[in-house]
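> need a structure here:
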Amino acid sequence: MVVLGVAGGRIKATNKNFEDQFVFSMIVQDGRVRHIQEYVDTLALAQASETVGD
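Numbering: from 1, shown residues only. Sure, this is the predicted structure:
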């Protein structure tokens, strides 16, 4: 199973908003989630975390 989504928020330390895309790859067996792998746009989070002079 694959889940696509978008998450957003604000980095408290910089007061910058971010929006990142994510993908969850899941293996479901017998009605239970057996494995989850997450892929996240870390660049969006890194840019929102930058402070002046970074």
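> Report all helices and strands that the helix or strand bottoming out on mean pLDDT in the chain contacts.
Counting by mean pLDDT, DSSP states H and E, the chain has its least confident helix or strand at helix 42-49, which shows a mean of 90. Helix 42-49 sits against strand 2-11, strand 16-29, with contacts defined as 3 or more C-beta pairs under 8 Å, 6 or more residues apart in numbering; DSSP states H and E. Yep, even glycine has a C-beta here, placed from its N, CA and C like the rest.
> Just say which of those is most tucked in.
Burial among the helices and strands packed on helix 42-49, expressed as mean neighbours by mean count of other C-beta atoms under 10 Å, is greatest for strand 16-29, which shows a mean of 13.
> Just put the helices and strands packed on helix 42-49 in CSV and tack on mean pLDDT and distance to E50.
Listed next are the helices and strands packed on helix 42-49 as CSV, based on pLDDT from 0 to 100; distance: least, C-beta to C-beta, whole Å:
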stretch, mean pLDDT, distance to E50
strand 2-11, 95, 9
strand 16-29, 95, 8
